[in-house]
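[1] My questions are about this predicted structure, shown below with the sequence.
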Amino acid sequence: MKSRQRWRKNRGANKATLNAYENLDSLWASTYTGCRTNAGYQDHVIAILQEVDIIGWDDVRPGCEKELLEARVLARDAEALVQSVTNLEGPYSDRLKTDCAQILFRMQLWVAAEEQIIALMDQGPEVLNQALFEDKLVWQCS
């Protein structure tokens, strides 16, 4: 990350843009998937289903609720970042705005995915499993 910051700085990015990119990188690193695609969601759902098979939904649900709270906090942070870069100008500011919009979308999708996992699991693991198999989960439709 430091090399990207130096590269942007050497090409004229101002301090506000560099700081915003630092916040953006931190947000990406905070996602449970650590990636910018939907790839991690399937693994997450499968892990929950496996854990439920072992210890039961009543013991797994608090962890899912914690995940949902974390996703909501990060979504709010992403919203704040989008607002903070709205008026930035200069080199890399347009790209930064696009990147911030992308992470906001990803964080909102994460919140929706966690809410859906809890709602479906409250109906039973077979409901979540069926939705996963039929590609009906929110992240599969995005």
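    Thanks, I have the structure now. Numbers count the residues shown, from 1 in each chain.
[2] Just name whatever secondary elements the helix ranked longest in the chain is in contact with.
    In the chain, assigned by DSSP state H, the helix with the most residues is helix 93-123. In terms of contacts (3 or more CB pairs under 8 Å, 6 or more residues apart in numbering; DSSP states H and E), helix 93-123 is packed against helix 15-30, helix 39-55, helix 57-85, helix 125-133. For the C-beta atoms, the positions are set from N, CA and C on the backbone; glycine is no exception.
[3] at 6 Å instead, please
    Where contact means 3 or more CB pairs under 6 Å, 6 or more residues apart in numbering; DSSP states H and E, helix 93-123 is packed against helix 15-30, helix 57-85, helix 125-133.
[4] Buried residues, that helix. List them.
    Residues of helix 93-123 classed as buried: 93, 96-97, 99-100, 103-104, 106-114, 116-118, 120-121 (neighbour count, 16 or more other CB atoms under 10 Å).
[5] Please save the CA atoms from stretch 121-139 in CSV.
    Extracted in CSV, the C-alpha atoms of stretch 121-139 (Å, rounded to 0.1, in the frame of the first residue of the first chain):
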residue,chain,number,x,y,z
MET,A,121,-31.5,-19.5,8.8
ASP,A,122,-34.2,-18.5,11.2
GLN,A,123,-36.5,-20.5,8.9
GLY,A,124,-34.1,-23.5,8.9
PRO,A,125,-30.7,-24.4,7.4
GLU,A,126,-32.5,-26.2,4.5
VAL,A,127,-34.0,-22.8,3.5
LEU,A,128,-30.5,-21.2,3.2
ASN,A,129,-29.1,-24.2,1.6
GLN,A,130,-31.8,-24.2,-1.0
ALA,A,131,-31.4,-20.5,-1.7
LEU,A,132,-27.7,-21.0,-2.2
PHE,A,133,-28.2,-24.0,-4.5
GLU,A,134,-30.8,-22.1,-6.6
ASP,A,135,-28.7,-18.9,-6.8
LYS,A,136,-31.3,-16.8,-5.0
LEU,A,137,-29.1,-15.2,-2.4
VAL,A,138,-28.7,-11.4,-2.7
TRP,A,139,-25.1,-11.6,-3.6
